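Trainee: Provided below are the primary sequence and the corresponding predicted coordinates.
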Amino acid sequence: MKLLKRADCGRLQKCASCMELTPAGVAELVDAKDLKSFGFERSVRVRVPPSVPGSRHDQQQFQSIIMIASHPMDSFLSATRPLPRLRRRCIPAVRSVSPEALPGDRTSMQLLLCILVLMTMALSLQAQDAGALRSGDEERGKPDRQTAGSDMLSVVEVPVNDSTYIVGPGDKLSVSIFGTSFYSYVVPVASDGTVVIPGFGTVYVRHATLLQVREKIHDLLRDEVRSAEIIVSLAEARRVKVTVAGAVQEAGIVTLPATARVSEALAAAGGVIEDTTSLRNIRIRRGNGVDDTADLLRYFRIGDLDANPFVSGGDRIFVPPINRTISVYGAVGREGRMDYVEGERLNELIEVCQGILASAFLDSVEVVRFREDNVTTDRFFLDLRGYPDNQDVNIVMFPGDLVLIRSIPRFQRHRLVLVTGEVRHQGSYAIEEGKTRLSGLIARAGNFTDNASLEEAAVIRKPPESEKDIEFERLQKIPAADMREDEYEYFKARSREKVGMMVIDFKRLFLEGDSSQDIYMRDGDVVEIPKLKNYVRIIGRVNTPGNVIYNPVWNFMQYIDAAGGFGWRADKGDVRVVKARTGELVKAKNTGDYQLEPGDTIWVPEVPELKFWEIALTTLGVISQVAGIVGIVIAISNMN
């Protein structure tokens, strides 16, 4: 009969899983015949199986425990022998003991004594391997085991500043003493703010910085260990409760690590209410009654940690709504309106705006300030060319002040013109406004290629954004059927227009030397030189639509004949010509209004197809209307 039943508690299962072994054979009853060399009648042994080949467990030595049920304690001690051990030691708990296995009082006492010894050694092994347990779990990617209600350690700012971190209840301090002997303690800070160092005494550390705590512990231990080296550090930061109220999404109590800052407290409260929260005047009432402030706008913009202090247990953070403001516009990194901070100076305000830009006019910075009636204003100018060293102009700001820092016009801005198409060297070219002409720009681009089409070449000048055609914008919103005739004609003309195209004849300028076409170039101009099209396109109702080689002496009918003549249902009286350069649509028969050029398009439209029933219905409608009119006339004449 078995004396011990295998424990199947959570710990045993986890240990067995960690050792990559099944729980079988961790503890069992063995008969005397299995231990004949010792001469025992009945015994219990704790058996640790060998490690799995290839596992990460090292092979150290420990003493196996042989519990004797019928022999004196000296025999039990002599029966102890070394066996292989794993890094993770596992001693199962006793679940039940069979009454039949207890032969007598003496045996029972010896058995109970052995069990007590076993449990004592198990606790000792567990305490020694506490660090190994944690590191082993981390190596396997498993989280550390925690007792119910415990909190995970939070990520902290590294390193912790010992001159600003306030030690409080819940912190754990590491105290190491290096002398003739080595001592190491991890001591908690009690709720009353005291730290007890075993064998040496007590230190009161509440509301003290980590640096001050280190000095206090040194003073306590110096008399006892004068020649020893003493190291005091923060082993684990406490978690604190902080009250957040005011203009936040979820006001209330939040739990944070003691290394958290005010910005993290606001984030834990759901964040601020956008456009209504004063980020620069956050008030903090410390647990010891001391008042502090936070300027999170300064922290977010320039990373000033002093403007985002640490929180402590019992802090009450109040986030006020926006009340008084101050404004900075112009050549600064971040312009706009922001909260006013009492006593702030101009240099500090400019820092919050991320500094002055290189393009700023510093000799005439304008400040507009309200008078006492808060309605009328005064303005004055400051010379900030000595910023930030000149403190004479570092004035104190007042609520409602407006600071205007103007910029140098077109500061370090290059004037560029883009040349594309059939030139030797396409790309952007720097120009001097009022000096660089079109002919000089084309010369710098290597002149035209042999395939350049001067007839279609154009200069596109982007109109100013302020230049708007209000009438055309209005017509774009009206259906064409609802437009008057003159509105529709204007709408068509504006739709065909190539926005920004300058009226320049490249052939007259570059082939005939007409300087009246040689315009000055401006920043942002685009010069387009299309590829030569030595043909006229024929489309619509012709027998062979396509391109016909350009002939300067031909008229439109000769091009149509070259395309096979008119096709079926061609509207011979409404042939149109589309000019390649302007997109203008003209009637072909009006030869005096245009001249055919390479790239132009001749369009032969189709005669609308008339259906019998449509004609019949239209005729019947007209006849019925005429008959009605005739009937009315006859009726009127009869009355007379």
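Mentor: Great, that's in hand. Residues are numbered from 1 along each chain as shown.

Trainee: Mean confidence (pLDDT) on the helix or strand hosting residue 559, please.
Mentor: Assigned by DSSP states H and E, residue 559 belongs to helix 556-562. On average, the pLDDT along helix 556-562 is 90.

Trainee: What about the closest residue to residue 514 other than its chain neighbours, how many residues nearby?
Mentor: Leaving aside its chain neighbours, residue 514 sits nearest to residue 508 (4.1 Å; criterion: CB to CB, 6 or more residues apart in numbering). C-beta: built from backbone N, CA, C; applies to glycine. The tally of other residues near residue 508 (other CB atoms under 10 Å) stands at 15.

Trainee: if we can go back for a sec, quick one: contacts of the next helix or strand after the helix holding residue 559?
Mentor: Remark: after helix 556-562, the chain's next helix or strand is strand 576-578, criterion DSSP H and E. If you take CB atoms under 8 Å, 6 or more residues apart in numbering as the criterion, strand 576-578 is touched by 556, 584-588, 594, 596, 600-603, 605.

Trainee: same deal with stretch 218-235?
Mentor: Contacts of stretch 218-235 (CB under 8 Å, 6+ apart): 160, 165, 167, 171-180, 186, 197, 200-201, 203, 210, 213-214, 217.

Trainee: how long is it from one end to the other?
Mentor: 17 Å (CA to CA, to the nearest Å).

Trainee: Start the count at 5 instead of 1 going forward.
Mentor: In the new count, where the first residue is 5, that last one comes out as stretch 222-239.

Trainee: How far off centre is it?
Mentor: Relative to its chain's centre, stretch 222-239 lies at 47 Å (CA atoms, centre = their mean, to the nearest Å).

Trainee: Assign residue 429 to helix, strand or coil.
Mentor: Following DSSP: H, G, I helix; E, B strand; the rest coil, the label given to residue 429 is coil.

Trainee: would you list every one of the strands in the stretch 455-604 of the chain?
Mentor: Secondary structure of the stretch 455-604 of the chain (DSSP state E, counting those that start in this stretch): strands at 462-464, 530-533, 539-544, 550-553, 580-582, 589-591.

Trainee: Is it possible to get TSV of those that adds mean pLDDT?
Mentor: Formatted as TSV, those follow (pLDDT from 0 to 100):
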stretch	mean pLDDT
strand 462-464	92
strand 530-533	94
strand 539-544	90
strand 550-553	92
strand 580-582	89
strand 589-591	84
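
Trainee: Mean neighbour count and distance to residue 432 for those strands - can I get that in TSV?
Mentor: Below are those laid out as TSV (neighbours: other CB atoms under 10 Å; distance: least, CB to CB, whole Å):
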stretch	mean neighbour count	distance to residue 432
strand 462-464	18	14
strand 530-533	20	10
strand 539-544	19	32
strand 550-553	14	34
strand 580-582	20	32
strand 589-591	14	35
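
Trainee: Between these, which one is closest to residue 343.
Mentor: strand 530-533 (46.3 Å; CB to CB).

Trainee: Now tell me what touches that closest one from outside.
Mentor: Residues contacting strand 530-533 (CB under 8 Å, 6+ apart): 421-427, 442, 445-446, 452, 456-457, 461-466.

Trainee: quick one on the thing from earlier: now the contacts of strand 580-582 in TSV, with distance to residue 285?
Mentor: As requested, the contacts of strand 580-582 are exported to TSV (distance: CB to CB, whole Å):
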residue	distance to residue 285
560	80
588	66
589	67
590	72
591	75
592	78
598	73
600	77
604	72
605	70
606	76
607	72
609	75
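
Trainee: Just the buried ones among the residues you listed, please.
Mentor: Using 16 or more other CB atoms under 10 Å as the burial test, the contacts of strand 580-582 include 560, 592, 600, 604, 605, 606, 607, 609 as buried.

Trainee: give the contact list for the first one.
Mentor: With contacts defined as CB under 8 Å, 6+ apart, residue 560 is in contact with 579, 581, 592, 595, 600, 606.
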